[in-house]
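Q: The sequence and its predicted three-dimensional model are supplied below.
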Amino acid sequence: MNFTGIEKIVHGVEDLTKCMQFYDDWGLAKISFDDKSALYKTMDGSEVLLYHKNDPRLPPAIEDGPTIRHVVWGVENRASLTEVKNKILECETYSEFDGNPACIDPNGLSISFRITQRHAVDIIGISMNTWDKPDARCDLRSKVYDKAEPIKIGHVVFFVADLNRTEEFYTDILGFSVSDRYPGAGSFLRCATPGGHHSLFILETPDKKVGLNHVAYTVRDIHEVFGGGLQVDRCGWKTQIGPGRHPVSSAYFWYVENPSGGLAEYFTDEDYCTADWEARDFQRSNEAFTEWAVEGGIDFNTRRQHLPE
């Protein structure tokens, strides 16, 4: 099966107007909206669809409040879609979503699969001058972004009640690969090899919480992470943590509270994994989560860390 990544996420929300304002500020393109729903896209065509959480078109929720109600995974072609369908046909929860094969994963999340509708994006990130490549950025100033324009939905993260069972579903049935692990606590899974470090991260907590943690949006480079984070701060949205850098995946990040559920993340510079990548075990800890980070974010006006109120 040749997966291409996340095609679409569907949220059930409580305040559609507020969520639309968030995605406007976040940098997504508004495609359509009415008093019941709104559709946004990233640069490559990945979709974010918003409905009120009580809309009858939505699958059942895995938690109370605003959250993701459905994830659509992309495949390269009709043959891959048929292969996925044959893999999940024996699932008791097999169904169809928008005419495509669908099922419920072991965590209760509705998922489906379609031939990718995303497209290539011809943009260039800013190189960094390193010791071994001091002229990687030659006669070119490093860019300062006044906002972010997310390229794609890079990954989703969920709290799960049964880590082993959920991992086995995605690896044994769907063919995802394990990139790294928090043994007994979390698994970083990628849907494609070669590909980015993870397209799905599942996390089990001692209380067996089930729900959305965050959705991550890929941007061009570290400077766009900064520009996007500062822009959403200027617009009044609250940063949870960021900017910062993950030792696992190597990515730079900025996390913001999202009214449509969980957190939204800008990220860039994640590890790129081939079949030669060796998965490692990390002890879940502050040190594994972040090499460095700014708690509460940076104030747009002062360009300093937000001070406690």
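A: It's in.
Q: and the helix or strand hosting Leu212, average pLDDT?
A: In the assignment (DSSP states H and E), Leu212 maps to strand 211-218. Taken as a whole, strand 211-218 has a mean pLDDT of 98.
Q: start the count at 544, not 1, going forward
A: Understood, numbering begins at 544; the last thing we discussed is strand 754-761.
Q: what comes up buried for the very next helix or strand once past it?
A: Counting by DSSP H and E, the element after strand 754-761 in chain order, helix or strand, is helix 765-777. Residues of helix 765-777 classed as buried under the neighbour-count rule (16 or more other CB atoms under 10 Å) are 765-776. (Each C-beta comes from the backbone N, C-alpha and C, glycine too.)
Q: Identify the residues contacting Glu639.
A: Residues in contact with Glu639, defined by CB atoms under 8 Å, 6 or more residues apart in numbering, are 645, 655.
Q: okay, now Asp567: neighbour count?
A: Using other CB atoms under 10 Å, Asp567 has 14 neighbouring residues.
Q: part of a helix, is it?
A: Yes: Asp567: assigned to a helix according to DSSP: H, G, I helix; E, B strand; the rest coil.
Q: Nearest residue to it in space, please, no chain neighbours.
A: Computed as CB to CB, 6 or more residues apart in numbering, the closest residue to Asp567 that is not its neighbour in sequence is Lys573, at 6.5 Å.
Q: What does the pLDDT read for Glu852?
A: pLDDT for Glu852: 69.
Q: same deal with Leu746?
A: On the pLDDT scale, Leu746 gets 97.
Q: can you tell me which residues contact the closest residue to it other than its chain neighbours?
A: Leaving aside its sequence neighbours, Leu746 sits nearest to Gly729 (CB to CB, 6+ apart; 4.4 Å). Counting by CB under 8 Å, 6+ apart, Gly729 touches 706, 744-747, 827.
Q: And for Asp776?
A: Shown in contact with Asp776 (CB under 8 Å, 6+ apart): 782, 840-843.
Q: hey, where'd the helices end up in the protein?
A: With helices called from DSSP state H, the chain shows them at 559-569, 621-631, 706-711, 765-777, 829-832.
Q: what's the closest of those to Lys584?
A: helix 559-569 (10.0 Å; CB to CB).
Q: returning to what we had before: helices and strands around the strand holding Leu755, which ones?
A: strand 610-618, strand 695-702, strand 806-811 (3 or more CB pairs under 8 Å, 6 or more residues apart in numbering; DSSP states H and E).
Q: and the last one, which strands flank it?
A: It stands for strand 806-811. Applying DSSP bridges to the sheet, strand 806-811 is found paired with strand 754-761 (parallel), strand 795-800 (antiparallel).
Q: Quick check: longest strand in this protein by residues?
A: Using DSSP state E to define each element, the chain has its longest strand at strand 546-556.
Q: Least confident secondary structure element in the protein?
A: helix 829-832 (a mean of 92; mean pLDDT, DSSP states H and E).
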